[in-house]
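Engineer: let's see this in three dimensions:
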Amino acid sequence: EFAADDIAFLELLADDAAAALRNARLIDAERRARNLRALLEVSHEVTTTFDLERLLVSLVNLAGRAVRFERCAIAVWQGEELQLRALSGEAHVDRKLGATRTLERFMLWAAERHDTLAVDDVAAEDDVARALRRSFGEYLESSRARGLLALPVADAEGELCLLLFELPQPGIRDDLTQEA
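Structural biologist: Down below sits the predicted model:
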């Protein structure tokens, strides 16, 4: 049997739990609304432009409205060559720069896997993270990426491009993929 004080305390606790649940649902609804707005902006851009370069630049920059990343890049297949075509925060990609060529080499390596490449922590001691550091240590250092997510984009005719997210801290890939 519960004392009146115990019942009052438990009722307050239940009210607090209900308020916390309502707040969590509101936050989730706001996040979904933000993601929907970003998706609508991307959809609008896709349907209103025939300029591929403008579209690619818009995609890498608009993605930041839905997900957190350090940098986003798109590399497009041109025959047998994967070419970096857009970087978030950049109006133009200079393919002659060493940093651009290094990023293209990394993206080609990721694309040759023909599957999503997800690295929660580039400093981890698993096989993929070690291979990344060994082959692309300079790129990883200069990019300040702590996690990576590379997504191949394909249609019925084959692979079209690779979308890369450089993540600002380890372990947020799950948050990113839940929101994407």
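Engineer: alpha carbons only for contacts and neighbour counts from here, please
Structural biologist: Fine.
Engineer: what about L160, neighbour count?
Structural biologist: Counted with other C-alpha atoms under 10 Å, residues neighbouring L160 total 17.
Engineer: pLDDT value on S143, please?
Structural biologist: With respect to pLDDT, S143 scores 85.
Engineer: and the gap between it and Q78?
Structural biologist: 25 Å (C-alpha to C-alpha, to the nearest Å).
Engineer: ok, those two, which is more surrounded?
Structural biologist: Using other C-alpha under 10 Å, the more surrounded residue of S143 and Q78 is S143, with 16 against 10.
Engineer: residue contacts, the more buried one?
Structural biologist: Taking C-alpha atoms under 8 Å, 6 or more residues apart in numbering, we find S143 in contact with E166.
Engineer: distance from stretch 84-103 to the middle of the chain?
Structural biologist: 18 Å (C-alpha atoms, centre = their mean, to the nearest Å).
Engineer: okay, buried residues for that stretch please.
Structural biologist: L84, R85, A86, L87, S88, T100, L103 (16 or more other C-alpha atoms under 10 Å).
Engineer: pretty sure the fourth one sits against V57.
Structural biologist: In this case it means L87. Yes - with contact defined as C-alpha atoms under 8 Å, L87 reaches V57; the gap is 6.8 Å.
Engineer: ends of stretch 105-124, how far apart?
Structural biologist: Using C-alpha to C-alpha, the end-to-end distance of stretch 105-124 comes out at 22 Å.
Engineer: show me how far it is from its chain's centre.
Structural biologist: Offset of stretch 105-124 from its chain centre (C-alpha atoms, centre = their mean): 13 Å.
Engineer: any common contacting residues for L87 and V57?
Structural biologist: In contact with both L87 and V57: no residue, using C-alpha under 8 Å, 6+ apart.
Engineer: which residue ranges of the protein form strands?
Structural biologist: 71-78, 81-87, 117-119, 147-155, 158-167 (DSSP state E).
Engineer: tell me which of those lies nearest to E53.
Structural biologist: E53 lies closest, by C-alpha to C-alpha, to one member of the strands of the chain: strand 81-87, at 7.2 Å.
Engineer: helices or strands next to the closest one in the packing?
Structural biologist: Other helices and strands packing on strand 81-87, by 3 or more C-alpha pairs under 8 Å, 6 or more residues apart in numbering; DSSP states H and E, are helix 52-62, strand 71-78, helix 98-111.
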